[in-house]
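>>> Sharing a sequence plus its predicted fold:
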Amino acid sequence: MARIIGGVGTTHVPSIGSAIAKGLQQDPYWRPFFDGFSVAHRWLAAEKPDVAVVFYNDHGLNFFLDKMPTFAIGAASDYRNADEGWGIPVSRPFPGDAALSWHIIEQVVADEFDVTTCQEMLVDHAFTIPLALLWPGADNRPVRTVPIAVNTVQHPLPSPGRCFKLGQAVGRAIASYPQDVKVLVVGTGGLSHQLDGKRAGFINKEFDAWCLDKLVADPAALARRSTLDIVEQAGTQGVELLNWIAMRGALTGHVRELQRNYHIPISNTASALLVLESEEPMELRKAG
Ligand SMILES: [Fe+2]
């Protein structure tokens, strides 16, 4: 049976891609950010997941404002990147896992999530940069992938509670997959930031810290907030936190915090990393 080894939440700011391309990981500005991934790298090297299921938001590469699904799941054998205009190199394609994608799609639709299915799907920096951070190296493709796009761009957005429930449905779907694969769940974006308007440059350290604490120990409290409340507290683009909430929903059973890094600012954004390892479900521990 498939098993979720844990989840990772990470920032996906485009300038990270430029820094990687220029080899600036040890530059004084970037070092505190990139060094934050050390434990994640060791953990992933030891666990060797087969698949990464990635909750992210598309910024206009595959979907645009004329057609914006609330939730979309990739079901392709590979996923191409393309020039987004940020000046970052176009990534090599990422391998998909179409069989797992279709299993997840069938299960979540049965769970009354009416997702858009994408047998072709371009993936943007919100997908490519987190994978480049977790597995450095331009040609490094150690995992197959399942992209799940959440609309955090065109209002009305899905509620935090709805995203949490989608994550739970995806987690149940993975747990019921008969193939013996190890799955990492990833949520990308955030944390607090606002790129335009009167609050451009807005960062809310207190709210970010509260979110990270709740993602570890009490995600339901985070899921009870409204979308507009998160916009107010975390900024217009800080609402990408919805992807982290979906990731956390997919982690059934107990989790252990392996790593947390919070560094501000990266390109006007509060950058964060949270690594959560799945522990055995309580009922299994009691039975054992
Ligand atoms: Fe973004």
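Alright, I've got the coordinates.
>>> So which bits of stretch 36-55 are buried?
Neighbour counts over stretch 36-55 (16 or more other C-beta atoms under 10 Å) mark G36, F37, A40, W43, L44, P49, D50, V51, A52, V53, V54, F55 as buried. For glycine as for every other residue, the C-beta is placed from the backbone atoms N, C-alpha and C.
>>> okay if I get those residues as a markdown table plus distance to A223?
A markdown table is the format used below for the buried residues of stretch 36-55 (distance: C-beta to C-beta, whole Å):
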| residue | distance to A223 |
| --- | --- |
| G36 | 26 |
| F37 | 27 |
| A40 | 24 |
| W43 | 26 |
| L44 | 27 |
| P49 | 25 |
| D50 | 28 |
| V51 | 25 |
| A52 | 23 |
| V53 | 19 |
| V54 | 20 |
| F55 | 14 |
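>>> Could you dump those into CSV and include pLDDT?
Putting the buried residues of stretch 36-55 into CSV (pLDDT from 0 to 100) gives the following:
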residue, pLDDT
G36, 94
F37, 96
A40, 97
W43, 97
L44, 97
P49, 98
D50, 98
V51, 98
A52, 98
V53, 98
V54, 98
F55, 98
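>>> The longest helix along the chain - contacts with which helices or strands?
For the chain, the longest helix by residue count, based on DSSP state H, is helix 160-175. For helix 160-175, the packing partners by 3 or more C-beta pairs under 8 Å, 6 or more residues apart in numbering; DSSP states H and E come out as strand 3-10, strand 51-56, helix 98-110, strand 144-150, strand 182-188, helix 219-223, helix 241-249.
>>> Highest mean neighbour count out of those?
With neighbours taken as mean count of other C-beta atoms under 10 Å, the helices and strands packed on helix 160-175 reach their highest mean count in helix 241-249, at a mean of 30.
>>> who does the next helix-or-strand element following it pair up with?
On the C-terminal side of helix 241-249, the closest following helix or strand by DSSP states H and E is strand 255-266. Strand 255-266 sits in its sheet next to strand 269-278 (antiparallel), going by DSSP bridges.
>>> how far is the strand it pairs with from where the chain is centred?
For strand 269-278, the separation from the chain centroid amounts to 10 Å (computed by C-alpha atoms, centre = their mean, to the nearest Å).
>>> And for stretch 99-109?
With C-alpha atoms, centre = their mean, you get 18 Å for stretch 99-109.
>>> From E257, how far out is T145?
24 Å (C-beta to C-beta, to the nearest Å).
>>> Turn the helices and strands packed on helix 160-175 into JSON lines, columns for distance to K67.
Converted to JSON lines, the helices and strands packed on helix 160-175 look like this (distance: least, C-beta to C-beta, whole Å):
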{"stretch": "strand 3-10", "distance to K67": "27"}
{"stretch": "strand 51-56", "distance to K67": "18"}
{"stretch": "helix 98-110", "distance to K67": "19"}
{"stretch": "strand 144-150", "distance to K67": "12"}
{"stretch": "strand 182-188", "distance to K67": "22"}
{"stretch": "helix 219-223", "distance to K67": "27"}
{"stretch": "helix 241-249", "distance to K67": "19"}
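>>> R92: which of the ones you listed is closest?
strand 144-150 (12.4 Å; C-beta to C-beta).
>>> In terms of secondary structure, what does that closest one contact?
Strand 144-150 packs on strand 51-56, strand 71-74, strand 94-95, helix 98-110, helix 125-134, helix 160-175, helix 241-249, going by 3+ C-beta pairs under 8 Å, 6+ apart.
>>> Identify whichever of these lies nearest to S15.
Comparing the helices and strands packed on strand 144-150 against S15 with C-beta to C-beta, the closest turns out to be helix 125-134 (9.5 Å).
>>> Next, the buried residues of that closest one.
Buried, per 16+ other C-beta under 10 Å, within helix 125-134: H125, A126, F127, T128, I129, P130, L131, A132, L133, L134.
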